[in-house]
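**Student:** everything below, folded, please.
(chains A, B and C)
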Amino acid sequence: MSALQLEGLRKSFGSLRATDNVSLGVEDGECHAVIGPNGAGKTTLIGEITGEIAPDAGRISLFGVDVTSWNVPRRALSGLARSFQITQLAPGFTALDNAAFAVQARQGHSFRFIADARKDKRLREPALAALEQVGLADRADRNAEALSHGERRQLELAVALAMQPRLLLLDEPMAGMGPEEGARMVEILRGIKRTMTIVLVEHDMDAVFALADRVSVLVNGAILKTGTPREVRDDARVRDAYLGAGAH
Amino acid sequence: MQLFLEQLLNGLQLSLTLFLLAAGLTLVFGIMGVINLAHGSLYMIGAYAGAYAAAKTGTFWLALPAGLAAAALVGAAMEFIIVRRLYARDHLSQVLATFGLILFFNGFIAWSAGRSPLLIETPPQLAGFVEVLPGLRYPAYRLAMMAVGVAVALGLWWMISRTRVGMLIRAGSDKREMVEALGVDIAKLFTLVFALGALLAGLAGVMVGPIRSVQIGMGEQVLITTFVVIVVGGIGSIRGAFAGALLIGLCDTLGRAYVPMLLKSWLSGPLADGLGAALASVIIYLVMALVLVIRPRGLFPVSG
Amino acid sequence: MLNRTNLATLLVVLAFLAVPMAATWLGTNYVITLATRVAIYGIVAVSLDMLVGRGNLVSFGHAAYFGLGGYAVAIASFHLANDVPIFGWSGTNEALIAWPLAMAVAGLAALVIGALSLRTAGVYFIMITLAFAQMLFFLFVALKYYGGDDGLSLSTRNLFAGNRITDSRTFYWICVSALALCVLLSWRILNSRFGMVLRGAAASERRMAALGFPVYRYRLAAFVIAGMMAGLAGALWANQNRFVSPDMLSWVRSGEFLVMVIMGGLSSLVGPVVGAAAFLLIESYLSGATEHWQMIFGPFVLLVAVFAPRGLWGAVRGKDRQ
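**Tutor:** So this is what the prediction gives:
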């Protein structure tokens, strides 16, 4: 069974075909990278997978279940976690609070009105574990907006991990990171990748080739090629459409 | 049938008055992102300035320019002194600040003009009736009001789709840098648009003078109806404001005329009277609720 | 820990406790009447802050639930006094039945209005909550049977567990207790799992949805809770004045409630209560000084909105951590 299956996905904005008949299967346990030049339709594709954007046509399945008509929260609860390219952390809340939100979400409904959530061990301990996983435990009590850019990216990942997802969708986790921070993120992801299925949308080619089992190339809203990193790197069309253009 | 046609015309007349207010409000919100509760105050100021000029000079034809000028000037001053400090602020601050303005204007009018309602005389040239259809006589003044409303709608449409100012307006607030790069003084443009909205509100205020009393609080009542109009139409859209105004104006007028009557044919006694009146007065809100269920962003949603 | 915030909270509590003594010392009951109103408006302000301050849901129609609560009590009392049953029930004068009923009525209205309004956001939400409140306002104006424009008088205050509460001090303590309960409840709610979702959604709605929270439901629940608290306040207000009128639901009232919250300080539990006190003191002073007090109060509100959006409590809190 594939973790994520896209079939004939289409989405247009006016005359722009943002997603043009995309079919894609992500196997359970693999790390599947989606690359493509700017404007290739990656953001739209992520929106369609998470449920923020409704496709004009096509089907989306998660672990064999058709989720095309499901909204964002429902897909999340079925095991899909995503990180945001531009961090969407809650300001005014600590790093630990932010991770605890994710723990809280997977522990059933939150119509609990009396007990103090910040003193709830069932929330705090798993949240702290997620922070430890990305090496952010010593920042637990810092407010999210007081963290450095790199730390916020790490927290973004920790929040997704705290959901204990079956499928992790990472939207440019290296965005805006320096080489050192980037290398650290690659190390963290290398550790995670053994435990869950990952869809990695990324610009940083070194990271993609270091992490991905398979790579799909998105150009003008359509999948140009799917294959192992080596196959993709050696493909002449890919080089023309993307790697060549991206190298300048 | 004749009664129905007359009610239809009344409905259209209300629609066009609402449109004058909704157009200004929706322009200001669409372009500057400001929610201006004091828009109704500009309507009131137009009406009071008109009533004052009419009382002093004895003619409606001087009341009209006086009302327009007063509303536009107060509007421009309001933008220049206060509203421009609110562009970058959240809606809550805007709501609160313009709520303060309403209180001030209401207090100011009560202090300067007293609390008793005023009336503007209908201009003698328009005092008669016109036979619109055989057997259907309709007040000339109301027909003139409708003509003005239609003219304003056409004028706005022309301005927005055909002129340079209109292009800048369509560019909208999110493309502020682009508009500035074209060498346009955005601050001046905003003041201008705000004054234009105020002018339209003032126009509505003066024109309403001869058919309804001019009094404190007139602005807020119509403002809330105007909110319903632009919520139904889609905030920021002039087309939506027009469609919303038509829908709400007609529903309100026809509802008030016919709902109590219809209810009486089913129920009887004083309960039907009370219920009919109550239902008629809330009908536009029910229309709004219905639109919200079907199209939460209004009939003509503005993208983005 | 005795930081500035806690010290100020303590002062507010002491002030409420000292009111009856102050009244005796000054030899006037007006102090108690005013303080009772502060407690009642305080309840509304605290409930509104749950929406505006914590939930970032700017409801401009909160007076509707306040008014509905008042009317529920008044209408029950009207049917009891005139011996005309509503659906076979001729109303009750017992507060322990009438007040929860008032809360239920207000909560039900909040459920329906919230369900529609929360489909939208931002400026739409502001206008729609305002419009629905205006709808209820016109509804009561049109209901001549219940007094229409002129309002409806209560022949007597409700009985509280069978006891008369006509004594102003007794009634004051009831109102202050209700306020204390509402503040405590809000405090618990806002720190609970539910409160975390509500506040998290205000900080980043997209994030909360992506984590799997159906944000709409939580907001609707908060809207209903706030509506019920406002309904309770309305029931108390109707008892204090033995009178209700459509004015209770007017948009001006909704605006004033917002002013209280901002003036006191958003998201601060005690701040809105202080805001209610400040508002009532200013109103009572200005309206005594001049008939045209709104001419002074309006610009004051404007200045608060532009220059002091953190309110009085923001100034108290100073550098204290939230």
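**Student:** name the helix or strand for A:Arg10, please.
**Tutor:** Under the criterion of DSSP states H and E, A:Arg10 resides in strand A:2-13.
**Student:** neighbouring strands for the helix or strand just after that strand, and are they parallel or not?
**Tutor:** Next in sequence after strand A:2-13, counting helices and strands by DSSP H and E, comes strand A:16-27. Applying DSSP bridges to the sheet, strand A:16-27 is found paired with strand A:2-13 (antiparallel).
**Student:** and the strand it pairs with, what's buried?
**Tutor:** A:2-7, A:9-11 (16 or more other CB atoms under 10 Å in any protein chain shown). The way it works is simple: take the backbone N, C-alpha and C, and place the C-beta from them, glycine included.
**Student:** same thing with stretch A:217-232?
**Tutor:** For stretch A:217-232, by 16+ other CB under 10 Å, it's A:217-219, A:221-226, A:229, A:232.
**Student:** about what we covered before: list the contacts of the strand holding A:Arg10.
**Tutor:** When contacts are defined by CB atoms under 8 Å, 6 or more residues apart in numbering or on different chains, strand A:2-13 is touched by residues A:17-30, A:44-45, A:48-49, A:53, A:55-64, A:166-167, A:197, A:199, A:221.
**Student:** cool, and stretch C:6-19?
**Tutor:** The contact list for stretch C:6-19 (CB under 8 Å, 6+ apart) reads C:31-32, C:35, C:39, C:172, C:176, C:179, C:270, C:273-274, C:313, C:316.
**Student:** show me those that map onto helices.
**Tutor:** Among these, the residues falling in helices (DSSP state H) are C:31-32, C:35, C:39, C:172, C:176, C:179, C:273-274, C:313, C:316.
**Student:** inside strands: which ones of the buried residues of stretch A:217-232?
**Tutor:** A:217-219, A:222-226 (DSSP state E).
**Student:** can you give me the strands for chain B?
**Tutor:** B:129-133, B:136-139.
**Student:** helices along chain C, start to end?
**Tutor:** C:4-26, C:30-49, C:63-82, C:95-117, C:122-142, C:168-191, C:193-203, C:205-211, C:215-241, C:251-264, C:271-289, C:294-307, C:311-317.
**Student:** what residue ranges in the chain score low on pLDDT?
**Tutor:** Unless you meant another one, I'm taking chain A. Residues of chain A meeting the criterion pLDDT under 70: A:242-248.
**Student:** my question was about chain B
**Tutor:** Looking at chain B by pLDDT under 70, you get B:171-177, B:268-271, B:303-304.
**Student:** which helix is the longest one in it?
**Tutor:** Taking DSSP H as the criterion, chain B has its longest helix at helix B:2-32.
**Student:** what packs against that one?
**Tutor:** For helix B:2-32, the packing partners by 3 or more CB pairs under 8 Å, 6 or more residues apart in numbering or on different chains; DSSP states H and E come out as helix B:39-57, strand B:136-139, helix B:140-162, helix B:164-171, helix B:186-208, helix B:218-233, helix B:238-266.
**Student:** closest one to chain C among these?
**Tutor:** Closest approach to chain C among the helices and strands packed on helix B:2-32 (CB to the nearest CB): helix B:218-233, 4.1 Å.
**Student:** is there proximity between that closest one and chain C?
**Tutor:** Yes: using CB under 8 Å from any CB of the partner chain, we find that helix B:218-233 touches chain C at B:220, B:224, B:227-228, B:230-231.
**Student:** ok, and which of the buried residues of stretch A:217-232 reach chain B?
**Tutor:** With CB under 8 Å from any CB as the criterion, the buried residues of stretch A:217-232 include none near chain B.
**Student:** around chain C, which positions in chain A sit nearby?
**Tutor:** Near chain C, when you scan chain A using CB under 8 Å from any CB, you find A:50, A:52, A:71-74, A:76-77, A:81-82, A:84, A:88-93, A:97, A:100-102, A:104-106, A:110-118, A:120, A:123, A:159, A:163.
**Student:** just the buried members of these?
**Tutor:** Counted by 16+ other CB under 10 Å, the residues of chain A next to chain C give A:50, A:52, A:72-73, A:76-77, A:81-82, A:84, A:88-90, A:93, A:97, A:100-102, A:104-106, A:110, A:112-113, A:117, A:120, A:123, A:159, A:163 as buried.
**Student:** and which of the buried residues of stretch A:217-232 is nearest chain C?
**Tutor:** Using CB to the nearest CB, A:Leu218 comes nearest to chain C of those, at 21.5 Å.
**Student:** surely B:Gly197 and B:Ala38 touch.
**Tutor:** No: contact criterion CB atoms under 8 Å: B:Gly197 and B:Ala38 do not qualify, at 11.0 Å.
**Student:** so which of the residues of chain A next to chain C sit within helices?
**Tutor:** A:50, A:72-74, A:76-77, A:97, A:100-102, A:104-106, A:123, A:159.
**Student:** tell me the one of the residues you listed nearest C:Asp150?
**Tutor:** A:Pro73 (48.7 Å; CB to CB).
**Student:** for the closest one, give its distance to chain B.
**Tutor:** Counting by CB to the nearest CB, to the nearest Å, the gap from A:Pro73 to chain B is 18 Å.
**Student:** again, but for A:Ile188
**Tutor:** A:Ile188 sits 36 Å away from chain B, going by CB to the nearest CB.
**Student:** what's near enough to touch the residue lying closest to that residue once chain neighbours are set aside?
**Tutor:** The spatial neighbour of A:Ile188 that comes closest, neighbours along the chain excluded (CB to CB, 6 or more residues apart in numbering or on different chains), is A:Val134 at 5.5 Å. By CB under 8 Å, 6+ apart, A:Val134 lies in contact with A:154-155, A:157-158, A:161, A:188.
**Student:** then B:Leu20?
**Tutor:** Contacts of B:Leu20 by CB under 8 Å, 6+ apart are B:149, B:152, B:200-201, B:203-204.
**Student:** narrow the contacts of A:Val134 to just the buried residues.
**Tutor:** A:154-155, A:157-158, A:161, A:188.
**Student:** between those residues, which sits nearest B:Ala289?
**Tutor:** Distances from B:Ala289 to the buried ones among the contacts of A:Val134, taken by CB to CB, are shortest for A:Leu155, at 41.4 Å.
**Student:** once you drop chain neighbours, what's closest to residue 96?
**Tutor:** You didn't pick a chain, so chain A it is. Spatially, and ignoring its direct neighbours in sequence, A:Leu96 is nearest to A:Ala140 (4.1 Å; CB to CB, 6+ apart).
**Student:** should've been chain C
**Tutor:** That would be C:Ala161: by CB to CB, 6+ apart, it lies 5.9 Å from C:Leu96.
**Student:** next, count neighbours for residue 190.
**Tutor:** Chain wasn't specified; assuming chain A. Counted by other CB atoms under 10 Å in any protein chain shown, the residues lying close to A:Arg190 total 12.
**Student:** actually it's chain C I care about, not the one you picked
**Tutor:** Counted with other CB under 10 Å, C:Leu190 comes out at 23.
**Student:** list the contacts of it.
**Tutor:** With the criterion set at CB under 8 Å, 6+ apart, C:Leu190 makes contact with C:50, C:54, C:198-199, C:269.
**Student:** got phi/psi on A:Leu170?
**Tutor:** phi -110, psi 120 (degrees, to the nearest 10).
**Student:** ok, it - contacts?
**Tutor:** Here A:Leu170 is in contact with A:82-83, A:157, A:160, A:189, A:198-202 (CB under 8 Å, 6+ apart).
**Student:** so which of the residues you listed belong to helices?
**Tutor:** Among the contacts of A:Leu170, the residues falling in helices (DSSP H) are A:157, A:160, A:189.
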